[in-house]
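> sharing a model prediction with you, sequence too.
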Amino acid sequence: MRSVNYSLFLLFLGITPLFAQDQALFDEIRLTETVTDYGLTGRGTIVAVFDRGIDYRHPDFIKEDGSSRILYLLDLLDDTGANDADNPIGKGTVYTQAEINQALESNTLLPTRDASGHGTPTAGIAAGNGRGSEGRYLGVAPEADLIIVKITSEGAPAHNDQEAEAPFSFIDDYLDDAIDFVNDKASEEGKPVAMIANFGSIQGPMDGTSTLSRVIDERFGPGFPGRAFVCGSSDDGGVANHAGGVFVQNETIELEINKTTPSLRMDLWHHESDSVRIEIQGPSQSFGPYLSPANSTSLNDNTGEFALFYQGSEVDFFGSTSPRKELLIDFSGPNGVYTLRITGLTIENGRFDAILNPSNIISNASENTFLSFVEPGSTIWDLASAFNNICPNSYILRTEWQSIAGGPFTFVGDDNGVGSLWIGSGVGPTQDGRIGIDISVPGNVNFGAYGPDSYFATFSGNVIEDGEAIYGTLAAVSGANPVLAGVVALMLEADPTLSATDIKRILQETARSDEATGSTPNNDWGYGKLDVYAAISQILGPVSNKRSISHEIILFPSPAQDQLTIQVEGTRTGPLSIQLMDLQGKTLQQSEIPTHVQAQPISIEELPTGIYLMRIEDGTGVLYRKFSKK
């Protein structure tokens with residue numbers, strides 16, 4: 001791994017080296033000293049952002065030569081390009097780097113945008129190059145390439161000269177195709193990829209068994225080196241929105257719900273061996289009784305005040321493989337207290353878990369709460385509960401900031417002060433009893449690229465004082481997710497053979513505990529606070545003998561067919577040892593590049609089509625490079 005002086009790196013980008021990102025964040029996670037000692041910038045990796053889109057015109061996503069850092073932009077909201085030759089999934093519209101470059105050069109607008117404004121700071125915090133702020137707001141992995149997938153949005157009203165965007169979500173239907181698209185493009189590029197899904201709210205089984213969770217587990221983890229998926233817990237902590245307890249045979253419990261918004265969803269899960277009878281007392285009348293269905297059947301009812309769906313374990317809404325029945329009720333009747341009287345008929349297991357949505361501290365729905373059987377925790381949303389997901393939550397970096405409107409401004413839930421867990425962070429355990437949180441990351445409040453045409457930018461309090469009107473705030477777990485995604489890209493730069501399982505383990509083993517976290521691991525903080533320096537040190541060794549290489553190495557072409565050329569730049573005092581490996585680390589070829597040779601061809605004619613790894617070592621250390629074989 002080459003050693004890079006961070007100030008020199010900024011100068012290379014044409015940026016005055018004032019300070020990186022905001023110094024508070026970089027110092028808090030020990031990134032400043034990581035970059036200084038190990039020279040990691042995300043080069044040779046990809047950060048893929050699944051979010052609300054991106055303002056591709058922002059200078060943070062443009063190189064010094066004016067070309068885009070975005071390799072591909074997949075807009076799933078727009079199907080006009082579904083049948084294009086460059087769209088392998090037949091959904092949405094794909095914009096290639098060449099098409100984005102053409103739009104930048106001709107100053108024309110592509111018909112894609114980040115209407116809400118959430119996706120742009122997500123990408124900026126993870127991998128912005130800081131060019132729009134003279135380096136003040138540099139992302140964590142500023143030399144990573146980008147792939148953007150517009151997959152969901154809460155929508156945005158019409159604002160300034162921008163049309164409204166209606167809410168949409170293709171997460172359930174298209175997430176698997178979108179991940180496959182990113183993985184395929186990363187393989188074509190011969191680069192490892194850190195993916196980030198920056199969305200999610202509690203409902204579903206939340207135990208790693210849903211169809212959505214299995215999408216993650218089937219594509220990441222052991223056997224998938226160079227691929228990682230980051231999805232944060234949720235913003236649904238800190239409110240009495242989780243109820244749990246035990247049904248007792250021949251006894252009746254009363255589960256009370258306070259409804260304060262026009263609509264409210266309750267999603268309750270219990271073991272398939274248990275049979276119960278339910279009666280519902282609303283603010284003005286009662287309903288039922290309803291008997292829990294057999295495993296393969298369901299019961300539906302629409303009273304006008306609510307829609308009730310009682311699903312057997314084989315037909316639940318989320319495709320869960322767990323042996324649990326699902327009771328989902330969408331309340332639309334008058335506000336007030338609803339009481340579910342649940343009588344145990346045949347009880348073998350007894351455990352139940354229920355959640356309410358919407359119900360979080362940053363919405364107007366924080367008073368949608370359970371009034372009985374309230375249990376803290378279990379607010380890790382369904383996708384984030386996947387076994388091979390890397391799950392962060394958010395703690396407080398700062399409690400106030402200055403904006404273009406003055407200030408100071410603050411963010412809801414930061415009352416406990418710097419270093420404490422943000423009160424709205426989703427926390428463990430998962431509904432199957434795992435801790436759930438892998439690492440806690442400073443997310444309140446971070447600064448990143450802002451699209452000036454976005455809805456977020458219409459709130460002057462969001463736009464930070466010294467950000468040239470194109471940088472602003474991102475908070476909650478949404479602010480923590482991109483920090484971790486950028487760090488994962490740095491870990492993959494250090495060792496592109498790491499799998500998501502390896503990355504989770506390293507993050508957990510190197511997390512730090514303090515007075516705020518208490519003894520770890522625990523359900524609130526997971527394994528502790530993110531420590532980038534410790535994580536990279538575990539991968540590369542102590543800085544005194546870190547695996548660093550002083551030469552620039554280029555492999556071409558990629559993909560290659562019969563022959564691969566290794567180009568070495570810079571003066572050397574000794575030979576280079578070359579080791580060609582598959583992605584499982586098996587050595588396929590070994591050779592040496594003599595000191596005086598700058599370019600050496602290697603025959604790969606006998607290799608099957610696929611992705612391979614080149615390990616290059618000199619007297620100072622080791623460098624890894626990926627390439628693909630046609």
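Great, that's in hand.
> pull the helix or strand with minimum mean pLDDT from this structure.
helix 6-12 (a mean of 37; mean pLDDT, DSSP states H and E).
> after that one, heading C-terminal, what element do we hit next?
helix 23-28 (DSSP states H and E).
> mind checking the pLDDT average for the helix or strand following that next one?
Where DSSP H and E defines the elements, the next helix or strand beyond helix 23-28 is helix 31-38. On average, the pLDDT along helix 31-38 is 87.
> counting by contacts, list what whichever helix or strand comes after helix 31-38 packs against.
Following helix 31-38 in sequence order, the next helix or strand is strand 46-51 (DSSP H and E). Other elements packing on strand 46-51 under the criterion 3 or more CB pairs under 8 Å, 6 or more residues apart in numbering; DSSP states H and E are helix 119-127, strand 145-150, helix 171-189, strand 193-197, helix 476-494. C-beta here means a position set from N, CA and C on the backbone, and glycine is covered the same way.
> between strand 46-51 and strand 145-150, how many degrees?
Note on geometry: by axes from the mean of the first three to the mean of the last three CA atoms, to 10 degrees, strand 46-51 and strand 145-150 are set 20 degrees apart in direction.
> how much does strand 46-51 deviate in direction from helix 476-494?
Going by the same axes, to 10 degrees, strand 46-51 makes 160 degrees with helix 476-494.
> who's in contact with strand 46-51?
When contacts are defined by CB atoms under 8 Å, 6 or more residues apart in numbering, strand 46-51 is touched by residues 71, 114, 118-119, 122-123, 126-127, 141, 144-152, 175, 178, 182, 185-186, 189, 191-199, 482, 485-486, 489.
> centre of the chain to that strand, how far?
Distance of strand 46-51 from the chain centroid (CA atoms, centre = their mean, to the nearest Å) equals 8 Å.
> that one - which strands sit beside it in the sheet, and in what orientation?
If you go by DSSP bridges, strand 46-51 pairs up with strand 145-150 (parallel), strand 193-197 (parallel).
> next SSE downstream of the last one?
When you say that, I think you mean strand 193-197. helix 211-217.
> how far is the following helix or strand past that next one from where the chain is centred?
Going down the chain from helix 211-217, the next helix or strand is strand 227-231, by DSSP H and E. Computed by CA atoms, centre = their mean, the chain-centroid distance of strand 227-231 equals 6 Å.
> buried ones in strand 227-231?
Buried residues in strand 227-231, counting neighbours by 16 or more other CB atoms under 10 Å, are found at 227-231.
> chain neighbours aside, what residue packs nearest to Ile355?
Ile202 (4.8 Å; CB to CB, 6 or more residues apart in numbering).
> burial count for that neighbour?
Neighbour count of Ile202, defined by other CB atoms under 10 Å: 28.
> again with the one 10 residues further on
The criterion is other CB under 10 Å. On that basis, Leu212 has 22 neighbouring residues.
> mind checking how far it is from Leu308?
23 Å (CB to CB, to the nearest Å).
> and what of Asp78?
For Asp78, the distance to Leu308 - CB to CB - is 36 Å.
> ditto for Thr261
Applying CB to CB to Thr261 and Leu308 gives a distance of 18 Å.
> show me which of these two is the more surrounded one.
A count of neighbours by other CB under 10 Å puts Leu308 above the other of Thr261 and Leu308, at 21 against 15.
> my read: that one touches Pro293, true?
No. With contact defined as CB atoms under 8 Å, Leu308 does not count as touching Pro293 (11.5 Å).
> identify the contacts common to these two.
With CB under 8 Å, 6+ apart as the test, Leu308 and Pro293 both reach Leu299.
> tell me which helix or strand comes right after the longest strand seen in the chain.
Taking DSSP state E as the criterion, the chain has its longest strand at strand 336-346. If you walk from strand 336-346 toward the C-terminus, the next helix or strand you reach (DSSP H and E) is strand 351-357.
> ok, the following helix or strand past that next one: who's next to it in the sheet?
Note on strand 351-357: by DSSP H and E, the next helix or strand toward the C-terminus is strand 369-370. Strand 369-370 has the following sheet partners, assigned by DSSP bridges: strand 252-259 (antiparallel).
> where in this protein is pLDDT low?
1-22, 543-551, 583-585, 619-621 (pLDDT under 70).
> what's the residue nearest to Ile355 in contact with, if anything?
Taking CB under 8 Å, 6+ apart as the definition, contacts of Ile202 comprise 234, 236, 241-242, 355, 357, 379-382, 426.
> many thanks, I have nothing further to ask.
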